[in-house]
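In: Predicted model and sequence follow; I will ask about them next.
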Amino acid sequence: MKFIIIGLGNFGVSLGEKLSRAGHEVIGVDKDITNVEANKEKLTHTICLDCKDVQATSILPLKNTDVVIVCIGEDEGANLMATASMKKMNVKRLIVRATSPLHENILEAMGIEEIIHPEEETANRWTKNITMNRVVDSFCLSDEYGLIEATVPEKFVGKTLVEARIKSEYEVVVLTKIKISESENSIGVKRKVKTVEGVASSTTVLDENDILVMYGKLSDIKRLLKND
């Protein structure tokens, strides 16, 4: 896929790098030549351009781009102007970063349907990670439901999923489990390696230190992970 990222701050560059590593074409755009030069090796292409100017944006390959993401964070005015410019150009898909509730309200009034909140989403994720017992990682789908990675509670070690009664007793679905092992790199430094074991079944055995990938109500998952 082809992406255009407008705003090469920390979030925009990080997102662009990950998309590039996943094999996508990423064009980074920023009005600051310093940002453009600093990140030209990290993305497919970088362009110095002020996207508040509709005429200037006409040089961008918008018709051949699958997704445009406005990542400008500190300057909400510039974010809104760039968003309006992209709306006027009728891009295929437009995703915009919001930095405050008022900013989000304005974007919604402009008809923007996909709005992202990287700071808020990261804070929510880490709140779950550090306050829920055994949680390794999390992704909340709503206030009630989420995907949680957590180490196997002691009470389930050695049991199969059906014996642990995770679905019947807790209403939580285990999607898969992840094995953690150690390996050494070429200079002898040890590192942890994660191996995903495929789709879980009723006969999947839960071993000590395994990581479970679960879906369900956050309250039910918290109850499941609670120490007896």
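Out: Noted; the coordinates are in hand.
In: Only C-alpha atoms from now on, for both contacts and neighbour counts.
Out: OK.
In: Enumerate every residue touching M214.
Out: L147, I148, E149, V172, V173, V174, L175, T176, I221 (Cα atoms under 8 Å, 6 or more residues apart in numbering).
In: Now the third one: which helix or strand?
Out: Secondary structure from DSSP states H and E places E149 in strand 145-151.
In: pLDDT of whichever strand or helix holds N79, averaged?
Out: Per DSSP H and E: N79 is located in helix 76-88. In this model, helix 76-88 has a mean pLDDT of 91.
In: which residues touch that helix?
Out: 51-54, 57, 70-73, 94, 96, 99, 103, 107, 110.
In: Among the residues you listed, which ones are in helices?
Out: V54, T57, H103, L107 (DSSP state H).
In: Point out the least confident one among those residues.
Out: V54 (79).
In: Run through the residues that contact it.
Out: By Cα under 8 Å, 6+ apart, the neighbours of V54 are S85, M86, K88, M89.
In: now do T204
Out: Contacts of T204 (Cα under 8 Å, 6+ apart): T160, L161.
In: next SSE after the top strand by length along the chain?
Out: Ranked by residue count under DSSP state E, the longest strand found in the chain is strand 173-184. Sequence order places strand 190-199 as the next helix or strand after strand 173-184, per DSSP H and E.
In: now that next one against strand 173-184, angle please.
Out: In terms of direction (axes from the mean of the first three to the mean of the last three Cα atoms, to 10 degrees), strand 190-199 departs from strand 173-184 by 150 degrees.
In: elements contacting strand 190-199?
Out: Applying 3 or more Cα pairs under 8 Å, 6 or more residues apart in numbering; DSSP states H and E, one finds that strand 190-199 contacts strand 173-184.
In: lowest-pLDDT helix or strand in this structure?
Out: Within the chain, confidence by mean pLDDT, DSSP states H and E is lowest for helix 118-131 among all helices and strands, at a mean of 67.
In: Assign a three-state SS to the residue of the chain positioned farthest from its centre, would you?
Out: In the chain, the residue that sits farthest from the middle, by Cα atoms, centre = their mean, is E163; the gap is 33.5 Å. Secondary structure for E163, judged by DSSP: H, G, I helix; E, B strand; the rest coil, is helix.
In: what separates it from A109, distance-wise?
Out: According to Cα to Cα, to the nearest Å, E163 and A109 sit 51 Å apart.
In: With F11 instead?
Out: Relative to A109, F11 is positioned 24 Å away (Cα to Cα).
In: Counting by contacts, list what the one helix or strand S168 maps to packs against.
Out: Taking DSSP H and E as the criterion, S168 maps to helix 166-170. Applying 3+ Cα pairs under 8 Å, 6+ apart, we find helix 166-170 packed against strand 173-184, helix 218-225.
In: Of all the ones you listed, which one is nearest F139?
Out: helix 218-225 (10.4 Å; Cα to Cα).
In: and this structure, what are its domains?
Out: Here the domain parsing of the chain from automatic domain parsing is 2-116, 121-225.
In: taking the ones you listed together, which one is wrapped up most tightly?
Out: Ranked by mean neighbour count, the domains of the chain are led by domain 2-116 with a mean of 17 (mean count of other Cα atoms under 10 Å).
In: How far does that one stretch from one end to the other?
Out: Terminal-residue distance, domain 2-116 (Cα to Cα): 19 Å.
In: With stretch 93-110 instead?
Out: End-to-end distance (Cα to Cα), stretch 93-110: 14 Å.
In: do the same with stretch 50-68
Out: 15 Å.
In: What sits closest to A164 if chain neighbours are left out?
Out: Closest residue in space to A164, ignoring its immediate chain neighbours: F156 at 5.8 Å, by Cα to Cα, 6 or more residues apart in numbering.
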